[in-house]
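>>> show me how the following folds:
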Amino acid sequence: MDDGMSLSVGNMLSYLHFTPGDTLWFLGWVPKSSGAMVGTCIALFMLALIERWIAACRGVMEFHWGQQAIIIASDKLDTLPTQSSPIGFIKRFTPRSIPAHDITRGIMFAAQTLLGYLFMLTVMTYQLGFIFSLVVGLGVGETLFGRFGSIAYAH
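Presented below is the predicted three-dimensional model:
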């Protein structure tokens with residue numbers, strides 16, 4: 001097999017290209033026309049935005065959950081979580097397991113990981129339209145939502 005891998009739908013090109021007809025994730029999604037390519041690129045752009053939005057939501061929730069853990073720990077020690085209280089002392093304790101927080105954190109992490117793997121498979125098609133859509137979508141998403149994801153590290 002000196003040339004590209006022969007597939008039932010078409011040929012898999014092993015170099016960067018703009019040629020339509022690559023299978024994206026499953027056999028039912030093979031954009032062959034220019035309109036289908038544009039629609040696919042818009043869908044990938046939106047998925048990249050959603051991935052950055054999920055990351056921002058995780059950052060905001062982690063900050064909120066951290067504050068709640070401090071309050072819960074201070075209630076156990078009968079102290080008030082003020083600026084002068086020994087926050088470092090309270091933070092040394094492992095935060096209580098709160099199922100609503102832990103399950104939500106796990107679901108959001110799984111969604112981000114799934115999107116990351118789907119993006120990796122998209123890049124492996126070597127279709128430059130797909131790759132540019134992901135990169136631009138991730139950049140725009142970080143521009144829109146990045147400041148919210150950094151809340152957990154700002155305080």
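
>>> where do the strands sit along the protein?
Using DSSP state E, the strands of the chain run over 5-6, 11-12.

>>> which of those strands comes out lowest on mean pLDDT?
Sorting the strands of the chain by mean pLDDT places strand 5-6 lowest, at a mean of 47.

>>> contacts for stretch 16-33 next, please.
Residues outside stretch 16-33 that contact it (CB atoms under 8 Å, 6 or more residues apart in numbering): 7-10, 12-13, 34, 36-37, 39-40, 118, 121-122, 125-131. In this view, the C-beta of every residue, glycine as well, is placed from N, C-alpha and C.

>>> hmm, Trp65 and His101 touching each other?
Yes: His101 is within contact range of Trp65, at 4.9 Å (criterion: CB atoms under 8 Å).

>>> how much space between the nearest residue to Ala36 once chain neighbours are set aside and Arg105?
Nearest residue to Ala36 in three dimensions, chain neighbours excluded: Pro20, at 7.2 Å (CB to CB, 6 or more residues apart in numbering). For Pro20, the distance to Arg105 equals 39 Å [CB to CB, to the nearest Å].

>>> for the record, mean pLDDT for stretch 37-48?
The average of the pLDDT scores along stretch 37-48 is 95.

>>> oh, I was asking about stretch 126-133
Average pLDDT, stretch 126-133: 93.

>>> buried ones in that stretch?
Tyr126, Gln127, Gly129, Phe130, Ile131, Ser133 (16 or more other CB atoms under 10 Å).

>>> so of those residues, which ones are in helices?
Those of these mapping onto helices are Gly129, Phe130, Ile131, Ser133, per DSSP state H.

>>> quick one: the helices in this structure, in order.
So, for the chain - with DSSP H - the helices run 34-77, 87-91, 99-123, 128-149, 151-154.
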